[in-house]
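A.B. asks: The sequence isn't on hand, but the structure is:
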């Protein structure tokens, strides 16, 4: 005899075929025959959800709860809808209700953990993922999710253990492979990271992000041709991915193929007009092609969008310095320092300009600040020593050149400058000894 169960089964078949409209019609027909048909409400909610009709989906899950108020899965499904709608607090409450009704509900812990992670509550997220693992030890997803938490907490070794467990359960879990590659990369184990990203590509050949990740490693180890190939493949798979053009442009720039770099940066800007780094990178490419005015225009655009971007200030300062506009360059370096007070390069570069413009006290202050931030910065010691020598403070000059030699006995310029200083105070013997050492080091190069 044909009844609501037959109509329901027909709806399930439509649902499997992703014919959601027909599925909804079938489940509605089943409900009309039996208004308390819980499974039909569930499935009709699923069909609405698949179409993005979230309010209708919630109505169906609500109907389930009218007939079965302790149905934990209905709360779970409602929570998933609220999460998709960005209503995180409501989603958390609904997942909690599902857990209260079913304390071993692993998927509810897992999904609640994901919501906590999305709103920045890392510790509660970690607790939920751990509970999900306890409830569902054969589900690889909570291990992968918890591994990411450990990466955020700067515990890559612990993250690796979770990824290994996930891969033990499912060797082809591509997210576990990809995240494992990220952890290995953090640990500096680049060769192993490349193998993981390659494994992801073998499992999911259309995963453009796997090519991006592997390309990034190749860039880092200066295997430029392989990096170019991977970034290009990522672009083939996703031509609208602006970041891929920026990364490939950086490799072209490194290879001094500036026109190709410029083309990639322009495409990145077309795809993502608010991408500050793309403007800065395009400006650098223009500068490398001797287009100083064009470079400044790009740095200006970057600063218009993000006035506190230290990188943009630094780059514009470098161009202005190259053009001989020392005062404007000093002002730009000052803004860079305002945005990034611990940027050693900004202090050193401003110190050079202060030296050129005769503001020696300011130069000394900048080099000292650079050394305070980085006690091993050889260039800062060298420039500070030169300024002291200009001021006839020969003892301090020699101390700085000697400190460089202590840090790096093969630093030729330190011996040369110390020799000049010894000569100026009449210590010919030490001057000749330093010059001989400098000449010997030059010969070895």
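C.D. replies: Everything's here; your move. Nothing here was measured: the structure is a model prediction, and the numbers come from that model.
A.B. asks: From now on I want contacts and neighbour counts done on CA atoms only, so please keep to that.
C.D. replies: Will do.
A.B. asks: Domain ranges for the protein, per the record?
C.D. replies: The record assigns the chain these domain ranges, following automatic domain parsing: 274-341, 346-445.
A.B. asks: Those domains into a markdown table, with extra columns for distance to residue 87 and mean neighbour count?
C.D. replies: Formatted as a markdown table, the domains of the chain follow (distance: least, Cα to Cα, whole Å; neighbours: other Cα atoms under 10 Å):
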| stretch | distance to residue 87 | mean neighbour count |
| --- | --- | --- |
| domain 274-341 | 27 | 20 |
| domain 346-445 | 44 | 19 |
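A.B. asks: Turn the ones you listed into CSV, columns for distance to residue 48 and mean pLDDT.
C.D. replies: Supplementary listing: the domains of the chain in CSV, determined by distance: least, Cα to Cα, whole Å; pLDDT from 0 to 100:
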stretch, distance to residue 48, mean pLDDT
domain 274-341, 35, 97
domain 346-445, 57, 96
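A.B. asks: out of these, which comes closest to residue 255?
C.D. replies: Minimum separation from residue 255 across the domains of the chain (Cα to Cα) falls at domain 274-341, 11.6 Å.
A.B. asks: measure that closest one end to end?
C.D. replies: Length of domain 274-341, first residue to last, Cα to Cα, to the nearest Å: 25 Å.
A.B. asks: ok, back up a step: need the domains of the chain in a markdown table (columns: distance to residue 230).
C.D. replies: Output for these, formatted as a markdown table (distance: least, Cα to Cα, whole Å):
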| stretch | distance to residue 230 |
| --- | --- |
| domain 274-341 | 19 |
| domain 346-445 | 34 |
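A.B. asks: for these, which one sits closest to residue 237?
C.D. replies: Comparing these under Cα to Cα, the one sitting nearest is domain 274-341, at 20.6 Å.
A.B. asks: on that earlier part again, who wins for proximity to residue 13 among the domains of the chain?
C.D. replies: Across the domains of the chain, closest to residue 13 is domain 274-341 (Cα to Cα), at 45.5 Å.
A.B. asks: hang on, the earlier thing: residue 184: which of the domains of the chain is closest?
C.D. replies: domain 274-341 (26.2 Å).
A.B. asks: packing partners for the one helix or strand residue 439 maps to?
C.D. replies: Here residue 439 sits within helix 428-444, counting by DSSP states H and E. Secondary-structure packing of helix 428-444 (3 or more Cα pairs under 8 Å, 6 or more residues apart in numbering; DSSP states H and E): helix 412-424.
A.B. asks: now the helices for the stretch 101-250 of the chain?
C.D. replies: Ranges of helices in the stretch 101-250 of the chain, per DSSP state H, counting those that start in this stretch, are 106-118, 122-135, 140-152, 156-169, 174-186, 190-203, 208-220, 224-237, 242-254.
A.B. asks: Now do the last one, average pLDDT.
C.D. replies: Here helix 242-254 scores 97 as its mean pLDDT.
A.B. asks: Okay, angle between that helix and helix 208-220 too, please.
C.D. replies: Put simply, helix 242-254 runs at 20 degrees to helix 208-220, going by axes from the mean of the first three to the mean of the last three Cα atoms, to 10 degrees.
A.B. asks: any idea which helix or strand comes after helix 242-254?
C.D. replies: Following helix 242-254 in sequence order, the next helix or strand is helix 258-271 (DSSP H and E).
A.B. asks: List the buried residues of that following helix.
C.D. replies: Within helix 258-271, the residues that qualify as buried are 258-269, 271, counting by 16 or more other Cα atoms under 10 Å.
A.B. asks: What of stretch 69-87?
C.D. replies: Across stretch 69-87, burial judged by 16+ other Cα under 10 Å covers 70-83.
A.B. asks: Include pLDDT, distance to residue 353 and secondary structure when you put the residues you listed into CSV, please.
C.D. replies: Converted to CSV, these look like this (pLDDT from 0 to 100; distance: Cα to Cα, whole Å; DSSP: H, G, I helix; E, B strand; the rest coil):
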residue, pLDDT, distance to residue 353, secondary structure
70, 92, 74, coil
71, 91, 72, coil
72, 94, 69, helix
73, 91, 68, helix
74, 93, 68, helix
75, 93, 66, helix
76, 94, 64, helix
77, 92, 64, helix
78, 93, 63, helix
79, 95, 60, helix
80, 93, 59, helix
81, 94, 59, helix
82, 94, 57, helix
83, 94, 54, helix
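A.B. asks: Compute the number of surrounding residues for the nearest residue to residue 134 once chain neighbours are set aside.
C.D. replies: Spatial nearest neighbour of residue 134, excluding adjacent residues (Cα to Cα, 6 or more residues apart in numbering): residue 106 at 7.8 Å. Other residues within reach of residue 106, judged by other Cα atoms under 10 Å, total 23.
A.B. asks: thinking residue 106 is in contact with residue 137, fair?
C.D. replies: No: applying Cα atoms under 8 Å as the test, residue 106 and residue 137 come out as separate, 9.0 Å apart.
A.B. asks: picking up where we left off before, the residue nearest to residue 134: what's it in contact with?
C.D. replies: By Cα atoms under 8 Å, 6 or more residues apart in numbering, residue 106 lies in contact with 131, 132, 133, 134, 135, 136.
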